[in-house]
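Enquirer: With the input below, show me the fold.
(chains A and B)
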Amino acid sequence: MKYKTQKIAYWFFAACMLLFSLQLVYGFILGFARMGFDNLHELIPFNTARAVHTNLLVVWLLTGFMGSAYYIIPEESEREIWMPKLAWIQLISLLLVGVVAVVGYHFNHWEGRKFLEIPRELDYLVVVNVLTFLLIIFMTIWTGKRKTTTAMVLFFGLLMSALLYLPGMIDFDNVTFDSFFRWWVVHLWVEGVWELIMGAILSFLLIKLTGIDREVIEKWLYVIVGFTFLSGILGTGHHYYYTGAPRYWLMVGGVFSALEPLAFLGMAMYALSMARRGGRKNPNRIALMWTLGCAIMSFVGAGFLGFAHTLPGVNMWTHGTLVTAMHGHMAFWGAYAMIVLAMISYALPQLTGRAMHKHWMAEWGFWLSNIGMVCMTGAFGVMGVAQVYMERKAGMDFMHVQESLEVHAFGLVCAGALLTLGMVFFIKNFISYGLPVMDESAGAVTSNPVPAAPDKSL
Amino acid sequence: MLTKSAAKAFFLGGTALCGVAFLLLTMDTLKAMPERSNQEQMSEQVVRGHHIWNKNNCMGCHTLMGEGAYYAPELTKVVERRGEVYIDDLLRDPSRYTQDGRQMVKYDIFNPDEVGEEVSAGHRADIIAFLAWVGRIDTNGFPADPDMAVDTSRQPTPVTAAVLAEAPKQMGTCFGCHSVQGGGGTVGPALDGVSSRLDRDYLIKWISDPQSVKPGTTMPNLGIKGEDMDTIIQYLETL
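Expert: The predicted model follows:
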């Protein structure tokens, strides 16, 4: 940690751990319901549990991106965070809005639009909150000593995320318009601007962990995000096949989404080759594992499994089945959960001055959670394909099919338990780092907490 | 070798190009969607139903046009599939339909005991009108009709006792593939009225050597001749 104000990132990361834990709890409620044990139905019906599960994901990932930005931007801009007190207010208000929204879901207070269930009055608070965040980041970059490509891509990604939230707030009477603009938010986030954020964090981590020249890494960053937008923007079309939009989206969406895996493949190859070429042996091996794991799992989950059901002829049968959940889980995990966990794994030794990344719990956390997620994807895949053939292809009754899938939901819950165990280790490891060094007299420790840390690469 | 500024130009150029194309397609789509969704039929009742749909997060379990949570049935063509009466009755108290299986939330707005018969009937009519309207949206063929459905009308069924009582024992094998009065196999055609369609000589020739009459037919040559053949033909002539 070079700058005192970077420590705000610790609290964003801590909030991530809390929200992620809660997300896992609601995931189990959903999993048990799918097994036929919907015992909390009266209290927490499926739609509540599901809205909480997905919204907590979005909130903790955004919190993680913000924490990452508060860590990265000072080092990239070579100055302290502009108005750090405002950053504290921003964190607390973000959590308050999140908690109020989630509690409201338990009382049927929401908007029934998948992923964007936050009710309108809280939408405005989210906007104010994110604008505050962007202002802090912008001012830090603007008044900083230098403006790096990594910082600019990160800022551009965050700014576009905020702007793209707005189309989701337009009211329509016609449900086809609702659906059309909902994907402007959801798709253009996760298959567009969030990839800028991911790419920027990835390049920051690769610069730090491999010691490769910034110019080389940032050049390829441009190429990767270039491919992302080239395929991802028109790839939005794969959400417009069957929701009332014209037929040409089948072709546009089909062709451009078929290119989307290339962007992810490029990202994976870029991360792996940089890690191979890296001359410096960084002591924080676990951060490198999460970084490379993120690049690979995002290719498999987002790129490959996304492509697996995105061709119009396939999607006609798989659209609206558990095949989507199969792709969704590994895509979000690989691309976004893992990049935040990579950032946390890198930043914690720097923030706290303790070398807990060498602890066995860190490594077990990585492997168990990833194996759990692979198994979970497999369970969803089995359920999804079985559903496609029985319900869609053979025309069996929806509920009969779902009942026959309950046994696979048991596999799903077991896989979820494995992932949860991995995260228990990760979080225990997180806690064992202790709090960031607050005392300014301990500056000697804060400036260079881990002896072999690659801070001097700048 | 690629320079950083060339990479930057590729990123900015590609993004701008795709962004413009996306916006143009969006403008065209926004013009086309009112007609494709029959917006002129979107009555106030339909809009109220849409509001109920959103307000209660129905897509948190169901899917509509394939979008939702895959926990409860797809509702795009539900009115066509189940009819208004069924949906109206189910919504009053879904637990009567779900029994021990997967539950649906019992919404007060649909429940006569909570908000009165008239008000609840209005809410149910709103959501049904909304779903019926959604069912008429041009969704490019979604959801597709099952293409691997088992045709139950072609399932073999046992021969009835009455038919068996009349038929000679030599007919036993025939019922494995053919049916009489609706009972029997479905591989070959039904034998009802066969003698009015085909004459005696043809039938004998066909049964004794099917391949010579119709090469490639699945009808087997069972080596039937003499008395057995006469018995079978006699029986067929009674049909």
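Enquirer: max-length helix in chain A?
Expert: helix A:46-77 (DSSP state H).
Enquirer: how's chain B carved up into domains?
Expert: B:41-146, B:151-239 (automatic domain parsing).
Enquirer: right, so those domains: which one is the most enclosed?
Expert: domain B:41-146 (a mean of 18; mean count of other Cβ atoms under 10 Å in any protein chain shown). Where C-beta positions appear, they are placed from N, C-alpha and C, glycine not excepted.
Enquirer: Residue numbers of the stretch 1-150 of chain A in contact with chain B?
Expert: Contact residues, the stretch 1-150 of chain A versus chain B (Cβ under 8 Å from any Cβ of the partner chain): A:33-34, A:36, A:38, A:41, A:45-48, A:50-51, A:108, A:110-114, A:117, A:149.
Enquirer: Where does the prediction get shaky in chain B?
Expert: B:152-154 (pLDDT under 70).
Enquirer: what ranges do the helices span in it?
Expert: B:4-36, B:44-55, B:78-82, B:84-92, B:95-98, B:112-115, B:117-135, B:161-166, B:194-197, B:200-208, B:210-213, B:226-238.
Enquirer: ditto for the stretch 201-350 of chain A
Expert: Taking DSSP state H, counting those that start in this stretch, the helices of the stretch 201-350 of chain A run over residues A:214-235, A:248-277, A:285-298, A:305-308, A:312-318, A:322-331, A:338-352.
Enquirer: okay, these in a markdown table with mean pLDDT, distance to chain B and mean neighbour count next?
Expert: As requested, those are arranged in a markdown table below (pLDDT from 0 to 100; distance: least, Cβ to the nearest Cβ, whole Å; neighbours: other Cβ atoms under 10 Å in any protein chain shown):
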| stretch | mean pLDDT | distance to chain B | mean neighbour count |
| --- | --- | --- | --- |
| helix A:214-235 | 94 | 4 | 23 |
| helix A:248-277 | 94 | 7 | 19 |
| helix A:285-298 | 95 | 18 | 24 |
| helix A:305-308 | 94 | 16 | 20 |
| helix A:312-318 | 96 | 5 | 18 |
| helix A:322-331 | 97 | 5 | 24 |
| helix A:338-352 | 96 | 19 | 27 |
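Enquirer: Let me know which of these is the nearest to A:S369.
Expert: helix A:338-352 (8.3 Å; Cβ to Cβ).
Enquirer: after that closest one, next one along is what?
Expert: helix A:360-387 (DSSP states H and E).
Enquirer: Please identify the buried residues of that next one?
Expert: For helix A:360-387, a neighbour-count test (16 or more other Cβ atoms under 10 Å in any protein chain shown) marks A:361-366, A:368-370, A:372-387 as buried.
Enquirer: ok, so what distance separates the closest residue to chain B within the stretch 1-150 of chain A from B:D88?
Expert: Taking Cβ to the nearest Cβ, chain B has its nearest neighbour within the stretch 1-150 of chain A at A:N47, 2.5 Å off. Per Cβ to Cβ, to the nearest Å, A:N47 is found 21 Å from B:D88.
Enquirer: same thing with A:V153?
Expert: For A:V153, the distance to B:D88 - Cβ to Cβ - is 54 Å.
Enquirer: quick one on the thing from earlier: would you mind confirming that the residue of the stretch 1-150 of chain A closest to chain B is in contact with B:G68?
Expert: No: using Cβ atoms under 8 Å, A:N47 is not in contact with B:G68, being 9.3 Å away.
Enquirer: hey, what's in contact with both of the two?
Expert: Listed as contacting both A:N47 and B:G68 by Cβ atoms under 8 Å, 6 or more residues apart in numbering or on different chains are B:C58, B:M59, B:G60, B:C61.
Enquirer: Pipe those residues into TSV and attach distance to A:G334 per row.
Expert: As requested, those are exported to TSV (distance: Cβ to Cβ, whole Å):
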residue	distance to A:G334
B:C58	30
B:M59	25
B:G60	25
B:C61	27
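Enquirer: and the residues you listed as CSV, adding distance to chain A?
Expert: What follows is these, written out as CSV (distance: Cβ to the nearest Cβ, whole Å):
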residue, distance to chain A
B:C58, 6
B:M59, 6
B:G60, 2
B:C61, 5
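Enquirer: Relative to A:D178, which of those is nearest.
Expert: Using Cβ to Cβ, the shared contacts of A:N47 and B:G68 come closest to A:D178 at B:M59, 10.2 Å.
Enquirer: and that closest one, what does it touch?
Expert: By Cβ under 8 Å, 6+ apart, the contact list for B:M59 reads A:N47, A:G112, A:R113, A:K114, B:W53, B:E67, B:G68, B:A69.
Enquirer: and if you look at B:T238?
Expert: B:T238 neighbours (Cβ under 8 Å, 6+ apart): B:E166, B:S195.
Enquirer: cool, and A:A295?
Expert: Here A:A295 is in contact with A:L202, A:M267, A:A268, A:Y270, A:A271, A:L272 (Cβ under 8 Å, 6+ apart).
Enquirer: Surely the third one touches A:G301?
Expert: Yep, that's A:A268 we're talking about. No: A:A268 is beyond contact range of A:G301, at 11.3 Å (criterion: Cβ under 8 Å).
Enquirer: hang on, A:G168 packs against A:K114?
Expert: No: between A:G168 and A:K114 there is no contact under Cβ under 8 Å: 10.8 Å.
Enquirer: okay, and the common contacts of the two?
Expert: Counting by Cβ under 8 Å, 6+ apart, the residues touching both A:G168 and A:K114 are A:R182, A:V186.
Enquirer: List the contacts of stretch A:42-62.
Expert: A:15-16, A:19-20, A:22-23, A:26-27, A:29-30, A:33, A:38, A:40, A:94, A:98, A:101-102, A:105-106, A:110, A:112, A:114-115, A:117-118, A:161, A:332, A:336-337, A:340, B:57-61, B:69, B:71-72, B:103, B:105.
Enquirer: Next one, pLDDT for A:M160 please.
Expert: A:M160 carries a pLDDT score of 94 in this model.
Enquirer: again with the one 10 residues further on
Expert: The predicted local distance difference test score for A:I170 is 91.
Enquirer: Over to the one 4 residues further on?
Expert: According to the predicted model, the pLDDT of A:N174 comes to 96.
Enquirer: Pull out the buried positions in stretch A:15-34.
Expert: A:15-17, A:19-20, A:22-24, A:26-27, A:29-34.
Enquirer: what's the answer for stretch B:3-11, then?
Expert: B:K4, B:A7, B:K8, B:F10, B:F11.
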